[in-house]
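J.: quick one: sequence and predicted model below, then my questions.
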Amino acid sequence: MRRPDLQFLVFDDHGARYRRIEDAATLLRRTPPPIPIVIDWQPTVEVLLTLTPEALAEYDAIFVDFNLQSSQGLPRDERLRLDVAGSDDSMPSSRVSLDLRQATGMGVLLRVRELMSTPEYWDAWAVRASTGSRTERAWRDPRGSALYSFVEYADMTSRLFAAAAWAWFGARFFDGNSTVENMAQRLRSSRRADAVGTMQQRMVELAAGPLMTMLTLNPLGDSQLITPAENPSGFDWYRIYRRAREGRHQFAFGRPIKEAFHEIVGYTPELPVRRSHQFDVIAEHLHDAAQAFIDVWDTPPDGSDPFSDAADTETRPSTRTGYKFSWTQRDPLTEFLTHTSRFWDAPDVRLAFTHHMATRPRTAGR
């Protein structure tokens, strides 16, 4: 039976953002012309174990926080089975087991997208999208339940998640730290705001390109330091680099990098010690790609067009970081990767990246 009103599903572990958006919904219900919104709050990801395509189709929008603290209150053996595409066209999709205690918002988006790809979901959504009041029908997205990354705009880990959620799932940004009044205004004009694009959403879209450059980077270039078959993705290179540099003020070539390789990608490459200077170049490539992502956010979301000077991102000085790379001094790249470690270490982020790379249109720019 069809549930009345607009239905939102909010994943937020601590509840602060849920309470704010609930207050915004209450304001909309009381302010003419009223918009009837009912919000279901999920403080954990456990609902993903029983959520059906038909039940998902009852939600007009899903708001997903990234840091869900999923380990709290869940049994040790709770695992979610996900369909994840292979790393290339020759590898079929496989069912992957995800420990729910390690799940982030990316695992939520993976499961939601899986359910949204079923005929059962679209049959149920077709019924929901064609019924209800004029206000409800005008708010709904004909492409299905609207997805939003429900995070803090100023936090760098949240920025990585928001850019990835947009690039991999088409999830738009919704500021989780906005005021109740601003949330209510955004919800009232959601379809129009999504079509025009809020300034923060435009910044997320602009950052998605440099993020994908980071994650697909080949820092070796034409170097033969490692065979192509052994060369990991840019995503894993950043994880390897951080593991090798953590706790070291000066890089020690050889054993640390081999141990990091084995931990991250499961094998140990043959590394010629006499060519260790090439890792300086690798590190600079990793640093430059990360800096390009960081520099995107230096354009203030004050109403100016962030696309107007996009071509100058390589020459514009960063007002936020001031990175100067050095092997022997303070290493801002390691600091950046450590500060955002939740993004790099989460198993479901790696799964979502693998799935995206295997299923993305080959004609796309990323």
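T.: Yes, it's here. Computed from a prediction, not measured in an experiment: that's the story for all the values here.

J.: what sits up against stretch 181-191?
T.: 20-21, 23-25, 27-28, 31, 35, 37, 61, 138-139, 141, 146, 174-175, 178, 193, 198 (CB atoms under 8 Å, 6 or more residues apart in numbering). Just so you know, the C-beta spots here come from the backbone N, C-alpha and C atoms, and that holds for glycine as well.

J.: backbone phi and psi for residue 173, please?
T.: Note on residue 173: backbone dihedrals following degrees, to the nearest 10 are phi -90, psi 140.

J.: burial of it, as a residue count?
T.: Taking other CB atoms under 10 Å as the criterion, the count of residues near residue 173 is 25.

J.: quick one on the thing from earlier: helices - which of the contacts of stretch 181-191 land there?
T.: Among the contacts of stretch 181-191, the ones falling in helices (DSSP state H) are 20, 21, 23, 24, 25, 27, 28, 138, 139, 193.

J.: those: which two are farthest apart?
T.: Using CB to CB, the pair of these lying farthest apart is 20 and 138, separated by 24.1 Å.

J.: looking at those two, which is more packed in?
T.: Legend: neighbour count by other CB under 10 Å for residue 20 and residue 138, higher for residue 20 (18 against 12).

J.: and for that one, nearest residue in space, chain neighbours not counted?
T.: In this structure, residue 20 finds its nearest non-sequential neighbour in residue 180, 5.7 Å apart by CB to CB, 6 or more residues apart in numbering.

J.: quickly find the element holding the most centrally placed residue in the chain.
T.: The centre of the chain sits closest to residue 161, judged by CA atoms, centre = their mean, with a distance of 2.9 Å. In the assignment (DSSP states H and E), residue 161 maps to helix 156-169.

J.: check contacts around residue 236.
T.: Contacts of residue 236 by CB under 8 Å, 6+ apart are 264, 265.

J.: cool, and residue 64?
T.: Listed by CB under 8 Å, 6+ apart, the contact partners of residue 64 are 11, 105, 108, 109, 147, 148, 149, 150, 165, 171.

J.: and residue 297, how far is that from residue 158?
T.: According to CB to CB, to the nearest Å, residue 297 and residue 158 sit 11 Å apart.

J.: what does residue 258 give?
T.: Residue 258 sits 33 Å away from residue 158, going by CB to CB.

J.: and these two? which has more neighbours close in?
T.: Comparing residue 258 with residue 158 by other CB under 10 Å, the one with more neighbours is residue 158, at 25 against 17.

J.: surely the more buried one and residue 164 touch.
T.: No: at 10.7 Å, residue 158 does not count as touching residue 164 under the criterion of CB atoms under 8 Å.

J.: all the strands of the stretch 51-200 of the chain, residue numbers only.
T.: Along the stretch 51-200 of the chain, the stretches classed as strands by DSSP state E, counting those that start in this stretch are 61-64, 79-84, 94-99, 146-151, 172-175.

J.: out of those strands, which comes closest to residue 345?
T.: strand 94-99 (13.0 Å).

J.: for that closest one, packing partners?
T.: strand 79-84, helix 347-359 (3 or more CB pairs under 8 Å, 6 or more residues apart in numbering; DSSP states H and E).

J.: what about this protein, any weak spots by pLDDT?
T.: 1-4, 69-78, 85-94, 191-197, 221-230, 247-254, 271-278, 299-330, 362-366 (pLDDT under 70).

J.: how does it divide into domains?
T.: Annotated domains of the chain cover 6-201, 212-359 [automatic domain parsing].

J.: out of these, deepest packed?
T.: domain 6-201 (a mean of 18; mean count of other CB atoms under 10 Å).

J.: in this structure, which helix has the most residues?
T.: In the chain, assigned by DSSP H, the helix with the most residues is helix 278-296.

J.: return stretch 184-193 as CSV; C-alpha atoms alone will do.
T.: Extracted in CSV, the C-alpha atoms of stretch 184-193 (Å, rounded to 0.1, in the frame of the first residue of the first chain):
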residue,chain,number,x,y,z
ALA,A,184,13.9,24.0,4.4
GLN,A,185,14.5,26.4,1.6
ARG,A,186,16.6,23.9,-0.3
LEU,A,187,13.9,21.1,0.2
ARG,A,188,11.1,23.4,-0.9
SER,A,189,12.9,24.1,-4.2
SER,A,190,14.8,20.8,-4.5
ARG,A,191,13.9,19.9,-8.1
ARG,A,192,14.6,23.4,-9.3
ALA,A,193,17.7,23.7,-7.2
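
J.: fine, thanks again, bye for now.
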